[in-house]
Each structure stands twice: as C-alpha cells, then as structure tokens.
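Colleague: Give me a model of this one.
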Amino acid sequence: MKLQQAVIFFGIVIIVYGLVNYYIYRRVVPIVPDNLKLIFSIIFIAVVISYIAGRFLENYWVWYVSDLLVWVGSFWIAIMFYTFFCLIIIDLFRLVNHLLPFFPSVIEENPDKARKIFALIVSVFVLIVVAGGFITTRLIVVKKYNIDINKSAGQLKSLNIVMASDLHLGTINGKSFAYRVVDIINKQKPDVVLLAGDIIDEDIKPVLRDNVGEALLELKAKYGVYAVTGNHEYIGGVSDAVEYLERHNIRIIRDYYVKIDNSFYVVGREDLVSKRFAGYNRKPLKEIIDGIDKSLPIILMDHQPFQLNEAQINGIDLQLSGHTHNGQLFPMNYIVEKIYELPWGYKLIGNTHYYISCGVGGWGPPVRIGSRPEIININLSFR
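Modeller: Numbers count the residues shown, from 1 in each chain. So this is what the prediction gives:
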C-alpha cells in the first residue's frame with residue numbers, strides 16, 4: 001500500500017512537472033534560430049531532468065556530479081516557476097486581445113520581433129527575481145517574542161527558548177549553512193533549543209559525506225537540544241535520520257514528553273506522514289500527555305500545523321510548528337493561507353500560544369520570495 005501511494009504521488013508530481021516544462025518549451029522554441037533548435041532542445045531536457053537525476057544519483061553515488069545536478073535542477077525549479085507564471089500572464093493578455101483587440105499595431109505587424117522582445121524582458125525579470133531570492137536565503141533574521149504563561153514553573157521565573165525549523169540539511173544546505181545557523185542560535189544564549197522538524201532534507205548521504213552533524217555538536221543550551229520528526233525525515237528514511245541526529249546530541253521526542261528540571265514539559269509529536277511512509281499511527285495528543293502535570297508549563301512541537309484546536313483543548317501553553325515555509329515562492333503564500341488556519345507567525349487562541357515558522361532553510365530551490373529565513377527567540381515568563 002505504501003509503495004502504491006508513493007508511485008501515485010510521485011507520478012502525479014512528475015506529470016505536472018513535465019507538462020509545465022513542455023508548455024515553456026513550446027512557447028520558447030519558436031524564437032530559437034533553426035540551426036540552434038537541436039542544441040537548445042538537448043540542453044533544455046538536460047536541465048529539466050537534472051534535479052530528478054541528481055536526487056536519484058544521490059541514493060547510489062554521492063559525488064560532485066550529483067551535487068551539480070541537484071544545484072542546477074534546484075535553480076531551474078525557481079526559474080521554471082516564474083517563467084511559467086509570466087508566460088501564463090502573457091497568454092491571458094493574448095487571449096483577451098484575440099477577443100477584444102487592444103495590442104498596439106507594431107506588435108501585430110512584427111509578431112516575431114515582439115516575441116523576442118517579450119522573451120528578453122521575461123528572461124531578465126526571472127533572473128533578477130531568482131537572484132534576489134537566492135540572496136534572501138542568506139539573510140537569516142532572528143524574531144523575538146516575550147510571552148507570559150500564567151503558570152508556576154517551580155524555581156524558574158523565565159525560560160529563553162530558541163526555535164528553528166526546516167533546516168533541510170543536505171546538498172543545498174550543507175555544513176557552512178549549519179554552522180551559520182548554530183552560531184546565530186548560540187548568540188541568543190538559549191536555555192533550551194527546539195527544532196521543529198525537517199532537519200534533514202530527504203537523503204542523508206550528503207549529510208554523512210560532509211559530516212554536517214559536526215556543526216550541530218556546537219549547539220549550546222542549558223537544558224539541551226530537542227527536536228521532532230518532519231515529513232522529510234520520513235521521506236529520506238526516519239530511522240537513519242533519527243539515529244544520526246541523536247548521535248549529534250539532539251534528542252528526538254517521538255510521541256511522548258520530557259519533563260525538564262522539574263519545571264516544564266516539552267512534548268513531541270511524530271509527523272503526520274508517519275503512517276504513509278512507515279505504517280505508524282501517531283498517537284492522539286490526549287494519549288501522549290496522559291499523566292502529565294498540567295499545573296506546569298507545557299510546550300508542544302508538532303511539525304505540521306494542522307488541527308491547532310487540539311493543542312488548545314488539551315491545555316498546551318505553547319505550540320511550535322514549521323513545514324509551511326510560508327509558501328517560499330511568492331505567490332504560493334496565498335495558497336498556503338487557504339490550507340492552514342495559521343500559515344505563518346504568532347497567534348494566541350484561548351490560552352494557547354502558537355508560532356508557525358516559515359523555516360530557516362528551504363526545500364528545492366535555494367530561493368525565497370516574500371519571506372526571509374528565520375530563527376525564533378521566545379522568552380517565556382511564568383507567573
């Protein structure tokens with residue numbers, strides 16, 4: 001059943017990816033000189049399949065060739081996305097012009113020249129947007145929040161939490177990225193570090209080759225570093241990912257809770273995709289926290305921010321999630337807003353505080369348009 005679901009899911013993704021690229025090819029190839037059409041077609045196909053080929057190759061041979069393919073393919077995903085977006089807009093204008101002509105006569109009289117000019121404009125626009133989005137991925141911001149919890153936490157009067165999600169460590173976000181994230185986290189002088197899933201980006205082999213976990217060993221926090229699984233840990237093989245992270249001083253909380261310093265709890269939920277990829281039905285939150293002392297503060301990590309009311313019903317004081325990336329590529333954030341009750345940011349619902357992070361890393365293209373990568377610093381005050 002799991003294999004069948006995977007085949008259907010990836011089959012749909014590949015079909016959509018192929019159709020989008022075919023549409024771009026059909027719209028662009030007419031302006032390519034006849035003597036260059038064959039070369040253009042070969043290069044275009046090679047770029048289109050590079051990401052899939054690179055990811056496939058990583059499973060058997062992690063080398064500079066697979067790295068190059070993944071990097072080229074990752075950037076192409078962003079270029080493809082915005083090229084497709086621009087071409088759709090242009091074709092909508094063409095359709096309107098066909099029904100109600102309004103184009104200047106110069107366009108109607110010189111269609112080939114007009115196509116080349118539009119192609120140049122679209123190319124420059126897309127390259128500027130993608131380059132700007134790549135620069136944005138390097139501009140990590142620290143967001144600070146002060147939150148009051150109306151509970152006693154033993155001898156603790158306050159707790160300095162640093163939370164990050166969606167590091168997606170791998171070929172794109174390698175050791176230098178990991179060290180940069182660790183340095184920013186340590187500068188906040190956290191009492192506890194919480195990583196809300198998708199720490200590893202699918203295949204763990206690039207992480208092993210480059211010893212990316214060496215950076216994670218540098219994390220410093222009074223009460224330690226805790227994390228939960230995300231969907232990408234499951235996609236790449238959850239057992240290997242968890243074993244690797246725990247060897248690098250990150251404690252993975254999987255459908256249970258940890259009482260820290262007899263002052264507060266950290267609860268960790270298994271990711272929603274656990275059943276699809278591993279046949280494991282994650283426990284209901286009510287069952288996980290059965291027997292917990294609810295007079296103490298309770299912090300929940302759940303990678304995917306679905307059914308937020310479950311935390312409120314069960315007396316959770318603070319829920320931390322990630323996964324959404326806030327769309328990562330504008331205007332995908334508008335689609336994400338329709339899927340999630342809280343797609344990004346802070347919200348208080350009843351007595352439960354929520355923060356949904358857009359992540360410090362990203363999946364696929366190393367490009368962000370519309371949001372900056374973030375690390376969250378929350379100072380909890382207990383009353």
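Colleague: Please make it C-alpha for all contacts and neighbour counts, starting now.
Modeller: Will do.
Colleague: I185 sits in which helix or strand?
Modeller: helix 175-187 (DSSP states H and E).
Colleague: how about the CA coordinates for that helix, as CSV?
Modeller: Only the C-alpha atoms of helix 175-187 are listed here, as CSV (Å, rounded to 0.1, in the frame of the first residue of the first chain):
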residue,chain,number,x,y,z
LYS,A,175,28.0,22.3,6.6
SER,A,176,28.7,26.1,6.2
PHE,A,177,24.9,26.8,6.4
ALA,A,178,24.6,24.6,9.5
TYR,A,179,27.5,26.4,11.2
ARG,A,180,25.9,29.8,10.4
VAL,A,181,22.6,28.6,11.9
VAL,A,182,24.3,27.2,15.0
ASP,A,183,26.2,30.4,15.5
ILE,A,184,23.1,32.6,15.4
ILE,A,185,21.3,30.2,17.8
ASN,A,186,24.2,30.3,20.3
LYS,A,187,24.3,34.1,20.2
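Colleague: So for that helix, mean pLDDT?
Modeller: Averaged over helix 175-187, pLDDT sits at 98.
Colleague: just checking, what packs against the very next helix or strand once past that helix?
Modeller: Using DSSP H and E, the helix or strand that follows helix 175-187 towards the C-terminus is strand 192-195. For strand 192-195, the elements it packs on are strand 158-164, strand 225-227, judged by 3 or more CA pairs under 8 Å, 6 or more residues apart in numbering; DSSP states H and E.
Colleague: so which of those gets nearest N379?
Modeller: The minimum distance between N379 and those falls on strand 158-164, with 4.6 Å, by CA to CA.
Colleague: how much distance is there from the closest one to the middle of the chain?
Modeller: 21 Å (CA atoms, centre = their mean, to the nearest Å).
Colleague: quick one: that strand to helix 175-187, angle?
Modeller: Counting by axes from the mean of the first three to the mean of the last three CA atoms, to 10 degrees, strand 158-164 lies at 170 degrees to helix 175-187.
Colleague: Neighbouring strands of strand 158-164 in the sheet, and parallel or not?
Modeller: strand 192-195 (parallel), strand 374-382 (antiparallel) (DSSP bridges).
Colleague: The first one: what's the following helix or strand?
Modeller: If you walk from strand 192-195 toward the C-terminus, the next helix or strand you reach (DSSP H and E) is helix 205-210.
Colleague: Output that next one as PDB, restricted to C-alpha atoms.
Modeller: Extracted C-alpha coordinates of helix 205-210, given in PDB (Å, rounded to 0.1, in the frame of the first residue of the first chain):
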ATOM      1  CA  LYS A 205      24.000  10.500   2.400                       C
ATOM      2  CA  PRO A 206      25.200  14.100   1.600                       C
ATOM      3  CA  VAL A 207      25.000  14.900   5.300                       C
ATOM      4  CA  LEU A 208      27.100  11.900   6.100                       C
ATOM      5  CA  ARG A 209      29.700  12.700   3.400                       C
ATOM      6  CA  ASP A 210      30.200  16.200   4.500                       C
END
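Colleague: Could you list the buried residues of it?
Modeller: Buried positions in helix 205-210, judged by neighbour count with 16 or more other CA atoms under 10 Å: K205, P206, V207.
Colleague: can you give me the strands in the stretch 251-383 of the chain?
Modeller: Here the stretch 251-383 of the chain has its strands, by DSSP state E, counting those that start in this stretch, at 256-260, 264-268, 298-301, 318-321, 345-349, 352-356, 374-382.
Colleague: Out of the ones you listed, which gets nearest to Y25?
Modeller: Comparing the strands of the stretch 251-383 of the chain under CA to CA, the one sitting nearest is strand 374-382, at 35.9 Å.
Colleague: mind saving the C-alpha coords of the closest one as PDB?
Modeller: Output of strand 374-382 as PDB, limited to C-alpha atoms (Å, rounded to 0.1, in the frame of the first residue of the first chain):
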ATOM      1  CA  GLU A 374      14.000  33.000  10.400                       C
ATOM      2  CA  ILE A 375      15.100  31.800  13.800                       C
ATOM      3  CA  ILE A 376      12.600  32.400  16.700                       C
ATOM      4  CA  ASN A 377      13.700  33.600  20.100                       C
ATOM      5  CA  ILE A 378      10.900  33.300  22.700                       C
ATOM      6  CA  ASN A 379      11.300  34.400  26.300                       C
ATOM      7  CA  LEU A 380       8.600  32.800  28.400                       C
ATOM      8  CA  SER A 381       7.800  34.500  31.700                       C
ATOM      9  CA  PHE A 382       6.000  32.400  34.400                       C
END
